[in-house]
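In: when you get a sec, could you give me coordinates for this:
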Amino acid sequence: MHKSAKHSHPHPTEPAPEPTPAAILSPASLPAEAELGALQAEAAQAAEHWDRFLRVTADFDNYRKRAARERQEGIAYANQDLLQKLLPVLDTFEAAGTAAANAQSEDAKAIQAGVNMILQQFKGALSQAGLEEINALGTPFDPTVHEAISQMESADVPEGLVLHQTRRGYRLNGRLLRPASVVVAKAPAAATA
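Out: Next up, the predicted model:
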């Protein structure tokens with residue numbers, strides 16, 4: 001009897017017997033349908049959270065890039081409002097210089113020289129701040145930088161070119177600050193016989 005008891009218990013170093021296919025597929029070894037549904041729901045929720053995480057990460061990265069770009073633009077165009085307020089002053093200086101140039105007396109010529117010196121200093125300071133003039137005279141009309149105030153017939157200037165510039169245009173660091181006001185040439189009307 002002693003011997004039979006010994007054979008009923010496997011030796012600790014002996015491998016456990018392999019389960020049979022029927023034992024693996026038995027209903028007791030499979031998860032319950034409710035457990036399977038819960039696992040599928042958790043997997044779907046985890047996939048949804050992962051997808052949301054990826055979207056939030058991409059949104060944050062886009063926000064970071066946009067904020068950096070806006071910060072750079074803010075630095076480049078920080079003086080825009082000030083320069084727009086100074087442009088009429090610049091226009092007045094140029095008009096004063098033109099008026100003084102037409103004067104005949106020696107006093108007027110001295111005033112003209114002083115006005116021109118101030119004008120050049122002022123233009124130099126504005127240029128250092130990123131302001132650049134748009135010289136439209138004789139160039140093809142470009143609605144992105146020119147504002148046509150009228151058209152004028154001209155036999156000397158080809159149609160579509162700027163015939164006169166009534167107000168100078170300006171850019172600030174490459175961005176249009178004020179368009180140039182221009183008169184555009186058009187072909188003369190055909191003479192009637």
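In: please identify the helix or strand for the residue nearest to the spatial centre of the chain.
Out: The centroid of the chain falls nearest to R69 when counting by CA atoms, centre = their mean (6.9 Å). Using DSSP states H and E, R69 maps to helix 33-76.
In: so how far is stretch 62-77 from its chain's centroid?
Out: Averaging C-alpha positions (CA atoms, centre = their mean, to the nearest Å) puts stretch 62-77 8 Å from its chain's average.
In: average pLDDT across that stretch?
Out: Mean pLDDT, computed over stretch 62-77, is 84.
In: what do you get for stretch 39-57?
Out: 92.
In: again, but for stretch 93-107
Out: Mean predicted lDDT for stretch 93-107 stands at 77.
In: can I get it in PDB, CA atoms only?
Out: Extracted as PDB, the C-alpha positions of stretch 93-107 are listed here (Å, rounded to 0.1, in the frame of the first residue of the first chain):
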ATOM      1  CA  PHE A  93       8.400 117.200 -44.700                       C
ATOM      2  CA  GLU A  94       8.600 116.100 -48.400                       C
ATOM      3  CA  ALA A  95       6.000 118.800 -49.400                       C
ATOM      4  CA  ALA A  96       7.900 121.500 -47.400                       C
ATOM      5  CA  GLY A  97      11.100 120.400 -49.200                       C
ATOM      6  CA  THR A  98       9.400 120.700 -52.600                       C
ATOM      7  CA  ALA A  99       7.900 124.100 -51.800                       C
ATOM      8  CA  ALA A 100      11.300 125.400 -50.500                       C
ATOM      9  CA  ALA A 101      13.000 124.200 -53.700                       C
ATOM     10  CA  ASN A 102      10.700 126.400 -55.800                       C
ATOM     11  CA  ALA A 103      11.500 129.500 -53.700                       C
ATOM     12  CA  GLN A 104      14.000 132.100 -55.200                       C
ATOM     13  CA  SER A 105      15.400 134.000 -52.200                       C
ATOM     14  CA  GLU A 106      18.600 133.100 -50.400                       C
ATOM     15  CA  ASP A 107      16.700 132.700 -47.100                       C
END
